[in-house]
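Colleague: Predicted structure and sequence below. I'll ask about it afterward.
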Amino acid sequence: MNAHRWWIQPGEAGRALCLLSLSAALLGCEAELRLEGIDATLAEPVLRTDQFLAVARSGPDSVVALADNGVVLHGTESEGLIAWERRILSPSQPDLPRPTFLASTECANGTVFALSFENEVWHLAAGGWEGQLVETEEQLQDIACAPDGALWVSGAFGTLLSRGTTELEWSDHSFYDDFTLTALTFIPGTQTGFAVGEFGSLAKTVDGGASWALLDPITDDFYPLDVHFANAESGWVSGVLGVIYATKDGGASWSKEPTAAEAAIYGFTSAQGRTLAFGDLGTLMEYQSETEQWVTHPSPETPIHFAAATASGDGLLVAGGWGLLQHLPLQATTTITDSADRGEAL
């Protein structure tokens, strides 16, 4: 019978011993698997896997944050702190997945509406969240509430739809053209609204949405990410690489404004009468009306993006990827803490 001999080179002796020890450990004993840490993490209201894309105020002392996979956080503010309650929404239709929220809007009566990637419109009522599938073949992009309470959504192929405060059916105002209307806004206390989109497309209404007119493009090679107007004349649109265009004549003409930002600017918001812009890499800027310039708020460069923001206390509540949900005081230097601390302290 032939003998089989195992040869171990001097440099391999240590590795062989480790392998034998590991095999003995695995075969000789079974360590107790402890899951307390995992269970505790999953019980937290904010998880690192949450991708927040929308926030909205739902009352004087309450706020909601909306993410993917049906995640909705309800926050109650008290003495400078926010206590969060986590909820998971089921699909509005049996054949749909849990909603991935894209945008939200707050109506004058306090109702919060949210738009999902699945073309659902959800609203927060006294009995909880209710969802309705919008019957359109085009991908919807944004949602806004007009001063009269009518709800509007915009999307691909020039889609523009509206629904009255007591209606379930949607009226069609679409342009049926080869551009996506990426963002829309209405100016409180007026009949004026704007919708912006691919190729610098710009539509305006001065009668509350009864009719819309296409204006000259902002610029042909521009893809707007958001639009914001301080009044019927002065407004801004944002894009990638820190680009912001401004108008002072109600959209008749636009000029590119200098900014120090080089990252995408995802949106605008107002807080304490101040106009702010936020975006990728933790970018936060404020418009100084005295100098007509955008000033960058100091914050450490981070791969986490600010996808949404709303006024909160003495500053902003910003939301974004990987569980980012944090208060940024506007009168002080902003600091991005570890995500485990986000959403805890104001």
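Modeller: Cool, got the structure. Given the structure is predicted, the values throughout are model-derived calculations rather than measurements.
Colleague: and residue 65, what element?
Modeller: Element membership for residue 65 (DSSP states H and E) is strand 62-66.
Colleague: Which neighbouring elements make contact with that strand?
Modeller: Judged by 3 or more C-beta pairs under 8 Å, 6 or more residues apart in numbering; DSSP states H and E, strand 62-66 is in contact with strand 54-59, strand 71-78, strand 101-106, strand 306-312, strand 315-320. All C-beta atoms are positioned from the backbone trio N, CA, C, and that covers glycine.
Colleague: Can you tell me the number of residues neighbouring the nearest residue to residue 131 once chain neighbours are set aside?
Modeller: Excluding its sequence neighbours, the residue lying closest to residue 131 (C-beta to C-beta, 6 or more residues apart in numbering) is residue 92, at 3.2 Å. Residues within reach of residue 92, counting by other C-beta atoms under 10 Å, total 18.
Colleague: Surely residue 92 and residue 123 touch.
Modeller: No. Residue 92 is beyond contact range of residue 123, at 11.1 Å (criterion: C-beta atoms under 8 Å).
Colleague: anything in contact with each of the two?
Modeller: Contact with both residue 92 and residue 123 is made by residues residue 130, according to C-beta atoms under 8 Å, 6 or more residues apart in numbering.
Colleague: give me the number of residues near residue 122?
Modeller: Residue 122 has 23 neighbouring residues, counting by other C-beta under 10 Å.
Colleague: SS state for it?
Modeller: Three-state assignment for residue 122 (DSSP: H, G, I helix; E, B strand; the rest coil): strand.
Colleague: Please name the bridge partners of it.
Modeller: With DSSP bridges as the criterion, residue 122 is bridged to residue 114, residue 131.
Colleague: quick one, what contacts it?
Modeller: Neighbours of residue 122 in contact, by C-beta under 8 Å, 6+ apart: 89, 92, 99, 101, 113-116, 129-132.
Colleague: Distance of it relative to residue 277?
Modeller: Counting by C-beta to C-beta, to the nearest Å, the gap between residue 122 and residue 277 amounts to 26 Å.
Colleague: Over to residue 321?
Modeller: For residue 321, the distance to residue 277 equals 18 Å [C-beta to C-beta].
Colleague: What of residue 266?
Modeller: To residue 277, residue 266 is 9 Å away according to C-beta to C-beta.
Colleague: Show me whatever sits in contact with both of the two.
Modeller: What both residue 266 and residue 277 touch, as defined by C-beta under 8 Å, 6+ apart, is the set residue 238.
Colleague: Which residue of those two possesses the greater neighbour count?
Modeller: residue 277 (26 against 22).
Colleague: Look up which residues are beta-bridged to that one.
Modeller: Going by DSSP bridges, residue 277 forms beta bridges with residue 268, residue 285.
Colleague: And the pLDDT for it?
Modeller: We have a pLDDT of 97 for residue 277.
Colleague: isn't it right up against residue 295?
Modeller: No. Contact criterion C-beta under 8 Å: residue 277 and residue 295 do not qualify, at 10.4 Å.
Colleague: Tell me, how many residues neighbour the closest residue in space to residue 229 that isn't next to it in sequence?
Modeller: Nearest in space to residue 229, with sequence neighbours left out and distances taken as C-beta to C-beta, 6+ apart, is residue 235 at 3.5 Å. If you count neighbours by other C-beta under 10 Å, residue 235 ends up with 25.
Colleague: Contacts only, for residue 235.
Modeller: Contacts here follow C-beta under 8 Å, 6+ apart; on that basis residue 235 touches 194, 227-229, 246-247, 250-251.
Colleague: Run through the bridge partners of it.
Modeller: Counting by DSSP bridges, residue 235 forms beta bridges with residue 229, residue 247.
Colleague: now that we're looking at it, how far away is residue 227 from it?
Modeller: As judged by C-beta to C-beta, residue 235 and residue 227 stand 7 Å apart.
Colleague: tell me, what residue is most central in the protein?
Modeller: Among the residues of the chain, residue 53 comes closest to the average C-alpha position under C-alpha atoms, centre = their mean, at 2.2 Å.
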